[in-house]
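**Student:** sequence and predicted structure are below.
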Amino acid sequence: MNRLNYFYPFDRKGAHFEDNATRALLALLRFVPFAQEVFVNLVRSAQRAAGEPEDRLLPALTEIGAGVTDLATQTGTLEVSDDTVVVSLVITDQQKSFSGTVGLRPQGQDAIYDGVIYYAPNHVIVVEDKPNNKDVDEAQLDIARSSVPEGVTPCMARRKLCLTWPDLVARLVAARESDRSGGSFGNRGDVGKRGCIGAQISGAEALLVNDFEDYLSEQFPNLSPYQRFSMCRDDLYRLERRCRDIMRSVAPSRLSPHRNWGWYLRAGEGPVLGPALSVREVDHKWEIVLQLYPGDTVNQARALYDEGNLNRNEALALREDGWSVSTNLHFQYIQSHLFWAEGEASLEFYVDYWLARVRDPQVGRWRAIRRWEANEWPEMERELQALRFISVADLNRLEQERVARGAIHLNVCPGLGFEFKWSREEALRLDDQKAFEAQFKRRVEQAMRTWNQPSPWEI
C-alpha cells in the first residue's frame, strides 16, 4: 500500500501525530507541483545558510532534468547508488543549527525515515519531522547503513539542515495569495483564500494548500506562521488567520464558520450567537475588531429583552470603557437578513422602548418582536417611523428588498451591536507580550455579562 495515496491515510494514529504531518506535507508535494518549488528553494536556502558549497547544492527545479521523481513515508529503505547525493534535514517549529556532518550509522542501528524525496538527477532528501524542536536529536539525521543497499556508499551532503514549519507554510500561503509581482497590503480579501487570479498556486491546488494550512493550524498550533500579529507582516489574510487562531486557542471546540460573516465562537443558548474577532482595514491601516450582536434573530431578541437578561445601565456604560454600542434594528425573511435600518432615535430611547414593549402585559408579551404578515406591514411601518427607528428612505429601500426577494412576511429583530477595537500598535504590543488572548477573553466576558450569558469558554 502506498501511504501517500490520498485515500489511504494512517488509520492507527490520530491527526495530531507527527507521522500524519509528514504524510500531509509529502502528499501536498505530490499533488501540487509549485509546492515542490517552494520546498526545493527552502532546502537550497538552508544549504547556503549552513555553508554547503555551491556545487553540492540541490539543483533548482528550473535546471534541465531536475525534479521530484518519487516520494515515500515511514520507510527504512533508501533506493540509492554510489552516485546518489543524500541530503538530510529536520523540519521543526524553530530554527536550529548543527555542528556535525551527515554520516552513516553502523550496522545494527536501524532507522525508519519520516519522509524520503527522490529528486533527479541524483539526489535523495531524507526528512525527519519534529514539531517541537526540543525533541530534535542531531544523531537522527545520520543515515543508517542498513537502509542502504549492500556494497553501496552514497555521497553525503556535508551539512545537516533545518527547515521550519512556519516558514514553509508562510511561503506556500504567499504563493497561493499573491500574484507574481508580490501583491500588496490589503488587496487579497476572500479571493486569496482560494487562490486569487494570477496566483502561483490556484484552483484545486490552492484548496489543497488551504486544507494543509488548516490542518497544521488545528492539530499543531505551535507550527502556525501566525503565532503573533507581528509575524503577519501587515498582511490582511495572515492577520485574519491570527484572529482565528486566537479564538481557537481560547475555546477550540466552539470555533465555527458563519456563512455570512466569517469565523466566530459559538455561544450557548441566549441572546447572542457568539463573539467574532477579525481584522479591518481603515485608511490603509489595520485594526483588530471584536464584535457581538445580541438580538440578531427573533428568538435572540426575545431572550435579550425578556426576563431581566439585559442590564440596561451596565450595557450602556460600556461606552465609557472603549466600547461602541449601537442600535441594530433589522428585518429577516426566511432566516436571512433582508435590511438594516438607520434610524435617528437615541440608543437609550431604543433600548428602553424594547424593554418596556416586551414586558408590558397591556400589549402582549411578543407584540412587536415577532413575524409580521404582509397585511400588518403598514401598522408596523407607521409605528417604527413615528419612533424614529426607521426613516422614509429606509422604508423605500426595505420595500425594494421585499419586492426583489418576494417576501410575504418579515421578522422584526431589534438587536444591539457591541464593538471593541484595538489599534494596530496596541494589538502588536499586547500580542508580543502574550497578553492579547487574555484581553480578548476579558472584553468578551465584560460584554456578555451585561445580558447574563456565559462566554463560550465558560460553557
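**Tutor:** That came through, no problem.
**Student:** contacts and neighbour counts: CA atoms only from here.
**Tutor:** OK.
**Student:** so, low pLDDT: which residues of the stretch 251-400 of the chain?
**Tutor:** Applying pLDDT under 70 to the stretch 251-400 of the chain flags residues 358-366.
**Student:** the closest residue to L104 other than its chain neighbours: neighbour count?
**Tutor:** Once flanking residues are discounted, L104 sits nearest to I143: 4.8 Å by Cα to Cα, 6 or more residues apart in numbering. For I143, the neighbour count with other Cα atoms under 10 Å is 25.
**Student:** quick one, domains of the chain?
**Tutor:** Domain ranges of the chain: 18-166, 184-242, 251-458, per automatic domain parsing.
**Student:** just the element for the residue nearest the centre of the chain, please.
**Tutor:** The structure's the chain has its C-alpha centroid closest to R241; by Cα atoms, centre = their mean the separation is 3.6 Å. Assigned by DSSP states H and E, R241 falls within helix 236-250.
**Student:** buried residues, that helix. List them.
**Tutor:** By 16 or more other Cα atoms under 10 Å, the buried positions in helix 236-250 come out as 236-248, 250.
**Student:** same deal with stretch 223-234?
**Tutor:** For stretch 223-234, the neighbour count (16+ other Cα under 10 Å) marks 223-232, 234 as buried.
**Student:** and if you look at stretch 439-451?
**Tutor:** Buried-residue list, stretch 439-451, by 16+ other Cα under 10 Å: 440-441, 444-445, 447-451.
**Student:** how about stretch 260-268?
**Tutor:** In stretch 260-268, counting by 16+ other Cα under 10 Å, buried: 263-268.
**Student:** I'd like those residues as CSV, with secondary structure and distance to L387 appended.
**Tutor:** Shown next, in CSV, are these (DSSP: H, G, I helix; E, B strand; the rest coil; distance: Cα to Cα, whole Å):
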residue, secondary structure, distance to L387
W263, strand, 35
Y264, strand, 33
L265, strand, 34
R266, coil, 33
A267, coil, 32
G268, coil, 33
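**Student:** follow-up on the earlier one: wait, the residue nearest to L104 touches Q109, no?
**Tutor:** No - counting by Cα atoms under 8 Å, I143 sits too far from Q109 to count as a contact (9.4 Å).
**Student:** what helices or strands is the helix holding R241 leaning on?
**Tutor:** Helices and strands touching helix 236-250, by 3 or more Cα pairs under 8 Å, 6 or more residues apart in numbering; DSSP states H and E, are strand 262-265, strand 276-282, helix 436-449.
**Student:** these: which one's closest to I91?
**Tutor:** Nearest of the helices and strands packed on helix 236-250 to I91, taken as Cα to Cα: helix 436-449 at 27.7 Å.
**Student:** could you dump that closest one to PDB, C-alpha only?
**Tutor:** Taking Å, rounded to 0.1, in the frame of the first residue of the first chain, the C-alpha atoms of helix 436-449 are listed here in PDB:
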ATOM      1  CA  PHE A 436      -3.800  39.700  23.700                       C
ATOM      2  CA  GLU A 437      -5.700  36.400  24.300                       C
ATOM      3  CA  ALA A 438      -6.400  37.400  27.900                       C
ATOM      4  CA  GLN A 439      -7.500  40.900  26.800                       C
ATOM      5  CA  PHE A 440      -9.900  39.300  24.200                       C
ATOM      6  CA  LYS A 441     -11.400  37.000  26.800                       C
ATOM      7  CA  ARG A 442     -11.800  39.800  29.300                       C
ATOM      8  CA  ARG A 443     -13.600  42.000  26.800                       C
ATOM      9  CA  VAL A 444     -16.000  39.200  25.700                       C
ATOM     10  CA  GLU A 445     -16.900  38.400  29.300                       C
ATOM     11  CA  GLN A 446     -17.400  42.100  30.100                       C
ATOM     12  CA  ALA A 447     -19.900  42.500  27.300                       C
ATOM     13  CA  MET A 448     -21.800  39.100  27.700                       C
ATOM     14  CA  ARG A 449     -22.200  39.700  31.400                       C
END
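**Student:** quick one: that helix to helix 236-250, angle?
**Tutor:** 70 degrees (axes from the mean of the first three to the mean of the last three Cα atoms, to 10 degrees).
**Student:** just how off-centre is helix 436-449 within its chain?
**Tutor:** 20 Å (Cα atoms, centre = their mean, to the nearest Å).
**Student:** I'd like to know how many residues surround N122.
**Tutor:** For N122, the tally of surrounding residues (other Cα under 10 Å) stands at 18.
**Student:** quick one: it and D82 touch, right?
**Tutor:** No - in this structure, N122 is not within contact of D82 by Cα under 8 Å, at 9.9 Å.
**Student:** residues contacting V126?
**Tutor:** Shown in contact with V126 (Cα atoms under 8 Å, 6 or more residues apart in numbering): 86-89, 113-117.
**Student:** name the element it belongs to?
**Tutor:** strand 123-129.
**Student:** name the residues that touch the next helix or strand after that strand?
**Tutor:** The first helix or strand that comes after strand 123-129 along the chain, using DSSP H and E, is strand 143-144. Strand 143-144 has contacts (Cα under 8 Å, 6+ apart) with 102-107, 109-111.
**Student:** now do stretch 54-66
**Tutor:** Under Cα under 8 Å, 6+ apart, the answer for stretch 54-66 is 37, 40-41, 43-44, 47-48, 67, 119-121, 123, 157.
**Student:** closest one of those residues to T77?
**Tutor:** Using Cα to Cα, H123 is the member of those that sits closest to T77, with 14.9 Å.
**Student:** next, count neighbours for that closest one.
**Tutor:** Close neighbours of H123, defined as other Cα under 10 Å, add up to 25.
**Student:** tell me the confidence at the closest residue to it other than its chain neighbours?
**Tutor:** With Cα to Cα, 6+ apart as the criterion, H123 has its nearest non-adjacent residue at 4.7 Å, and that residue is V85. pLDDT recorded at V85 is 92.
**Student:** for V85, list each beta-bridge partner.
**Tutor:** Beta-bridge partners recorded for V85 (DSSP bridges): H123, C155.
**Student:** so K96, which of the three states?
**Tutor:** Secondary structure for K96, judged by DSSP: H, G, I helix; E, B strand; the rest coil, is coil.
**Student:** dump the residue contacts of it.
**Tutor:** For K96, the contact set (Cα under 8 Å, 6+ apart) comprises 133, 162.
**Student:** for V298, see how far away L304 is.
**Tutor:** Going from L304 to V298 by Cα to Cα, to the nearest Å gives 10 Å.
**Student:** endpoints of stretch 226-246, how far apart?
**Tutor:** Using Cα to Cα, the distance between the terminal residues of stretch 226-246 is 10 Å.
**Student:** what is the neighbour count of the nearest residue to N411 once chain neighbours are set aside?
**Tutor:** Excluding its sequence neighbours, the residue lying closest to N411 (Cα to Cα, 6+ apart) is R371, at 4.3 Å. By other Cα under 10 Å, 18 other residues sit near R371.
**Student:** my guess is R424 contacts I288. True?
**Tutor:** Yes - at 7.1 Å, R424 counts as touching I288 under the criterion of Cα under 8 Å.
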